[in-house]
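Visitor: below is the structure, and that's it, no one-letter string:
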Ligand SMILES: Cc1cc2nc3c(=O)[nH]c(=O)nc-3n(C[C@H](O)[C@H](O)[C@H](O)COP(=O)(O)OP(=O)(O)OC[C@H]3O[C@@H](n4cnc5c(N)ncnc54)[C@H](O)[C@@H]3O)c2cc1C
Ligand SMILES: Nc1ncnc2c1ncn2[C@@H]1O[C@H](COP(=O)(O)O)[C@@H](O)[C@H]1O
C-alpha cells in the first residue's frame, strides 16, 4: 500500500528533483497513513533519501538500464508498484519522466495527472491541483482509478526534511527484449553546463541582444551564477542559439528559483512558459516592455552596459561571500 | 495468380509495396490560439471559448509539416484525426488544405488523455498506420500523455520530444531532446512520436494556399462514432493565478541594490 516514488539519478548520483518528489511522496503518505518506497535505477548512494521521509529503497542495478529507456523504466516501476501494492506512484516532470509516465499509466491501468503543484486532497475522492493553459491557470483534477500516477512540477513543493530509518533492498525486475524496442545510439549532453530543467538560476536573452555574437556576456553571467542559458523563440528560430534553449509556451518550461530576462519583451507566449519561476528579473531598455508587469525586479537600461557591470559586481559579491 | 510466386518473393513484393506507401496518421489537437485570454465560466468549471480563436496545436503543426515532407519525398499517405465536436472541423479542414489526404473526426468531447488515446488507438489500428505523429503536448491542458498512451495501447514503439525523424524502410532514426542535451535513437515501425519544433523549422511551416483550400473542400472528412466515454481523470474546476505584485525597479547605476535584493529578499543568490 506504500506510496511509490521514482527517484531519478544521473551517473549514479541522485538528482535534486529526486529529493523533491520524495518529500512530496512523504506528504501524501502522511495524508493516507502509509509509508514511502522509492525505486532507484543504478544509483549508488541512496542513504540521503532517508532524510526526506523515504522508508524503503528498492535498488535496481542493471547494465541494460544504463541509458534511459522509457519503456523499460516504465516496466521496472510497474513491477515495483505491483510488488509494493502501491496505489499512488509519484514521478518528477523531467523530460525522461514525462516520456515514461504515459507508458507507466497504461501498464498500471492508472489515471495520470501531470504538472501537479500541490498535495492532493483525499477525503472526498482524490483531487489534485495542476497547472493548465501553460501556467495561465490551475485546474483541480480528480482521478477515479484505483491506481494513480502523479507527476510533480519541479520546484513546486520544495524539499522537506523528514528523518526516517531507511531500509534498502536489491530489486531485480524481469525485463524482456520487448522492453527494448528502442535503441539509444548516442547521447549528446553538454557536461559542463547545467540544463534548464536542473538549474536553480536561468539567464535568458532575447532579440534585444542584436545578434549571436553578443552572447558572450550572457554566457559569462550564467557562469558566474552557475546558471543555465535560455532564449526567446525568435532567437532560436533565427539560429542565434540552439533550439534546446528556446523557452516559453512552445519551448521548454522554466520553473526555477531565479529567471533573468535580458532584452526580452515579455510576449504572452514567453511569459506563460517561465511564470512558474519564483523570482523574475528583467533588464530592458523599454520601460513599457510587458515583461515589467510580470517581473519581481526590473532594471530599465541597456543590456550592453548593465550586463557587464552586473557580472563584475556579482564576481565581487561572490568573492566577499564565500 | 499468386500461386506462381514463391512465398519469399511474395513477401518481398509485399514489403516493397509497404515501403512505397508508408501510411501516416497525424493527431491534431484543436486548441486556443496562444494569445487567447484564459477565462472560465459555469462557476469556473469550463473554459470560456467566447471570442477565442482556435488553431492547430503548435506541436502538431510541426508534425503535420514533417508528414507532408514524407508525402512529397517518400510517397507516404497522410491522414489526420481529431477527437472532438463539430466545432473542431475548421481546424482539420485546415490540415486538409495544407495537404493531408483524409480527415477523421471522432465525434466526442475530449475530457481526459486516456479517453482520447483510446479513441485514437482504434483509428490507428483500423487504418494500419505505420507511423503516428502526435505532439509532445497540447497547449491547452498540457497533459503530455496522449501519444505515449496511444503507443502503449497499439503496441508501437514510442519516441517523445522528437526533434528529427528519418524513415528508411522499416527503420526509423530519430533525435530526441532531453534535459540538457539530445540523443539519437534507432527503432522500427510501427512508431508513435510526440513531436515539437525541430521536426521542421518554423520557416518550413505550411500555410494553406487558395488551391489547397479549394481542394480541401472535396477531400473526405469522415465522422467516426466514439468507442466509450471511459475517463480516468476529470478537470473539476479551474482558477487563475493570483495577481502579481508590482515590480521593484532598480536604477541601472545601482546594481548593488539588485544584488542585495536578490540575496537578502529573494534569497535567490
Ligand atoms: C504560436 C506562437 C508561439 C510562441 N511561442 C513562444 C515561446 O514559446 N517562447 C517565446 O519566447 N516566444 C514565443 N512566441 C513569440 C512571441 O510572441 C514573441 O514574438 C517573442 O517572445 C519575442 O521575443 P523577444 O522578446 O526576444 O523579441 P522582441 O519582442 O523583439 O523584444 C526584444 C526586446 O529587447 C529590448 N531591447 C532592445 N535592445 C535592448 C538593449 N540594448 N538592452 C536591453 N533590452 C533591449 C526591446 O525593448 C524589446 O523589449 C510565440 C509566438 C507564437 C505566434
Ligand atoms: N482531442 C485530440 N484529438 C486528436 N489528437 C489529440 C487530442 N488531444 C491530444 N492529441 C494529440 O496528443 C498530443 C499531446 O496532447 P496531450 O497529451 O493532451 O498534451 C497533441 O499534440 C495531439 O497530437
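Guide: Arrived safely. These figures come from a predicted structure and were not determined experimentally. Ligands and ions are numbered 1, 2, ... in the order given.
Visitor: okay, CA-based contacts and neighbour counts for the rest of this
Guide: Fine.
Visitor: how is chain A partitioned into domains?
Guide: By the record's domain assignment, chain A is partitioned as A:3-180, A:201-320 (automatic domain parsing).
Visitor: reformat those as a markdown table; add mean pLDDT and distance to residue B:49.
Guide: Listed next are the domains of chain A as a markdown table, based on pLDDT from 0 to 100; distance: least, Cα to Cα, whole Å:
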| stretch | mean pLDDT | distance to residue B:49 |
| --- | --- | --- |
| domain A:3-180 | 97 | 13 |
| domain A:201-320 | 97 | 18 |
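Visitor: where do the strands sit along the stretch 51-200 of chain A?
Guide: For the stretch 51-200 of chain A, the strands identified by DSSP state E, counting those that start in this stretch occupy A:56-60, A:88-92, A:111-116, A:127-132, A:137-143, A:148-152, A:167-170, A:182-189, in order along the chain.
Visitor: how about the longest one, does it reach chain B?
Guide: Think strand A:182-189. Yes. Applying Cα under 8 Å from any Cα of the partner chain, one finds strand A:182-189 in contact with chain B at A:182, A:183, A:184, A:185, A:186, A:187, A:188, A:189.
Visitor: so what's the third one closest to, chain neighbours aside?
Guide: It stands for residue A:184. Using Cα to Cα, 6 or more residues apart in numbering or on different chains and skipping the chain neighbours, the partner closest in space to residue A:184 is residue B:185 (4.5 Å).
Visitor: isn't the one you found up against residue A:186?
Guide: Yes. Residue B:185 lies in contact with residue A:186 (Cα atoms under 8 Å); the separation is 7.3 Å.
Visitor: compare those two (neighbour count), which wins?
Guide: Remark: of residue B:185 and residue A:186, residue B:185 carries more neighbours, 19 against 13, as counted by other Cα atoms under 10 Å in any protein chain shown.
Visitor: re earlier: name the helices or strands packed onto the helix or strand where the residue nearest to residue A:184 lies?
Guide: When elements are defined using DSSP states H and E, residue B:185 is found to belong to strand B:181-188. For strand B:181-188, the contact count by 3 or more Cα pairs under 8 Å, 6 or more residues apart in numbering or on different chains; DSSP states H and E identifies strand A:182-189, strand B:171-178 as packing neighbours.
Visitor: among these, which is the most enclosed?
Guide: The densest packing among those, expressed as mean neighbour count by mean count of other Cα atoms under 10 Å in any protein chain shown, is seen in strand B:171-178 with a mean of 21.
Visitor: who's in contact with that strand?
Guide: Contacts of strand B:171-178 with the rest of the structure, by Cα atoms under 8 Å, 6 or more residues apart in numbering or on different chains, involve A:95-96, A:244, B:159-167, B:182-189.
Visitor: distance of the residue nearest to the spatial centre of chain A from ligand 2?
Guide: Geometric centre of chain A, nearest residue: residue A:154, 4.0 Å, by Cα atoms, centre = their mean. Residue A:154 sits 18 Å away from ligand 2 when distances are taken as Cα to the nearest ligand atom, to the nearest Å.
Visitor: isn't that residue up against residue A:97?
Guide: No. In this structure, residue A:154 sits apart from residue A:97 without contact. The criterion is Cα under 8 Å, and the distance is 11.4 Å.
Visitor: out of the domains of chain A, which is closest to ligand 1?
Guide: Closest approach to ligand 1 among these (Cα to the nearest ligand atom): domain A:201-320, 3.2 Å.
Visitor: now the end-to-end length of the closest one.
Guide: End-to-end distance for domain A:201-320, by Cα to Cα, to the nearest Å: 20 Å.
Visitor: give the contact list for residue A:248.
Guide: The neighbourhood of residue A:248, defined by Cα under 8 Å, 6+ apart, consists of A:232, A:233, A:254, A:269, A:270, A:271, A:272, A:273, A:274.
Visitor: actually residue B:250, not the one I typed
Guide: Taking Cα under 8 Å, 6+ apart as the criterion, residue B:250 is in contact with A:297, A:298, A:299, A:300, B:257, B:258.
Visitor: if we go to 7 Å?
Guide: A:298, A:299, B:258 (Cα atoms under 7 Å, 6 or more residues apart in numbering or on different chains).
Visitor: and for residue A:240?
Guide: By Cα under 7 Å, 6+ apart, the residues touching residue A:240 are A:211, A:212.
Visitor: please enumerate the helices of the chain.
Guide: In the absence of a named chain, chain A is used. Secondary structure of chain A by DSSP state H: the helices cover A:16-32, A:70-84, A:95-107, A:216-224, A:233-237, A:268-274, A:291-294, A:303-320.
Visitor: not quite, go with chain B.
Guide: Counting by DSSP H, chain B has these helices, from start to end: B:7-20, B:58-74, B:89-98, B:113-126, B:146-154, B:210-218, B:255-260.
Visitor: what residue in the stretch 101-250 of chain A comes nearest to ligand 2?
Guide: Relative to ligand 2, the nearest point of the stretch 101-250 of chain A is residue A:102 (8.8 Å; Cα to the nearest ligand atom).
Visitor: okay but that residue is in contact with residue B:144, surely?
Guide: No. Between residue A:102 and residue B:144 there is no contact, the gap being 8.0 Å when judged by Cα atoms under 7 Å.
Visitor: so which of these two has more stuff around it?
Guide: Between residue A:102 and residue B:144, counting by other Cα under 10 Å, residue A:102 is the more crowded of the two (32 against 24).
Visitor: show me what contacts that one?
Guide: The contact partners of residue A:102, by Cα under 7 Å, 6+ apart, come to B:145, B:148, B:149.
Visitor: out of the residues you listed, which is most surrounded?
Guide: The member of the contacts of residue A:102 surrounded by the most neighbours (other Cα under 10 Å) is residue B:148, with 32 neighbours in all.
Visitor: that one and ligand 1: what is the separation?
Guide: 22 Å.
Visitor: can you tell me how far that residue is from chain A?
Guide: The spacing between residue B:148 and chain A, counted by Cα to the nearest Cα, to the nearest Å, is 5 Å.
Visitor: from ligand 2, how far out is that residue?
Guide: Where ligand 2 is concerned, residue B:148 sits at a distance of 8 Å (Cα to the nearest ligand atom).
Visitor: how about that residue, nearest residue that isn't a chain neighbour?
Guide: Skipping the residues right next to it in sequence, residue B:148 comes nearest to residue A:102 by Cα to Cα, 6+ apart, at 5.0 Å.
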